[in-house]
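>>> I would like the atomic coordinates for the input below:
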Amino acid sequence: MQSYKEKISNMASAAKEHIVICKAKAQEKAEKATARSKEEKAMAKERRKAKEAQAKMQLHAGKAERAARRLDAKHSHLHTAHTHHHHQPAVAVGATAPMYPPPPAVGAAAYPPAGAKYL
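Modelled structure (predicted):
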């Protein structure tokens, strides 16, 4: 049921994006018709491109939000069924630190001086 809701929400977002893009193209045509120079026409085109990019960004942000909501619901459902396990709370994607030491720096400072003793 949730996957259908998410799919319908994604389709609605795509339709909204399409409407915004069509409005931006119509507005660009109107601005180009009233423009007096090539620079004004170029500015109208850039405004249209910016509006299209913003619409696409909103579409993908909405999809990501719905996918995250779905994963959170799935994750909380899995952990509420098994309360006897004591897992660490989930960390946001991309917020984890690497578990390995950083590589040594490249250059003369990375190597000990000649004749130095190792501990």
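
>>> So which elements touch the helix or strand hosting His18?
Take DSSP states H and E as the rule and His18 turns out to sit in helix 2-34. Packing contacts for helix 2-34, counted by 3 or more Cβ pairs under 8 Å, 6 or more residues apart in numbering; DSSP states H and E, involve helix 38-81. Every C-beta, even on glycine, is put in place using the N, C-alpha and C of the backbone.

>>> relative to helix 2-34, how tilted is the helix it packs on?
For helix 38-81 against helix 2-34, the angle by axes from the mean of the first three to the mean of the last three Cα atoms, to 10 degrees is 170 degrees.

>>> average pLDDT for helix 38-81?
For helix 38-81, the mean pLDDT works out to 88.

>>> cool, stretch 13-28 as well?
The model assigns stretch 13-28 a mean pLDDT of 95.

>>> So which residues lie in contact with that stretch, not counting its own?
Outside stretch 13-28, the residues within contact range by Cβ atoms under 8 Å, 6 or more residues apart in numbering are 44-45, 47-48, 51-52, 54-56, 58-59, 62-63.

>>> Now do Arg70 against Ser76, distance only.
Remark: distance between Arg70 and Ser76 (Cβ to Cβ, to the nearest Å) = 11 Å.

>>> And these two? Which one has more around it.
Just comparing Arg70 and Ser76: by other Cβ atoms under 10 Å the higher neighbour count belongs to Arg70, 14 against 11.

>>> hang on, isn't that one packed against Gln2?
Yes - if you go by Cβ atoms under 8 Å, Arg70 and Gln2 touch, sitting 6.1 Å apart.

>>> Can you give me the neighbour number for Ile8?
10.

>>> gap between it and Gln2?
11 Å.

>>> With Ser76 instead?
Taking Cβ to Cβ, one finds Ser76 at 13 Å from Gln2.

>>> Equivalent analysis for Arg48, please.
Remark: distance between Arg48 and Gln2 (Cβ to Cβ) = 36 Å.

>>> which of these two has more neighbours?
Arg48 (20 against 11).

>>> Can you report how many residues neighbour Ser37?
8.

>>> Next, the contact list for it, please.
By Cβ under 8 Å, 6+ apart, Ser37 lies in contact with nothing.

>>> If we use 10 Å, what do you get?
Applying Cβ atoms under 10 Å, 6 or more residues apart in numbering, we find Ser37 in contact with Met43.
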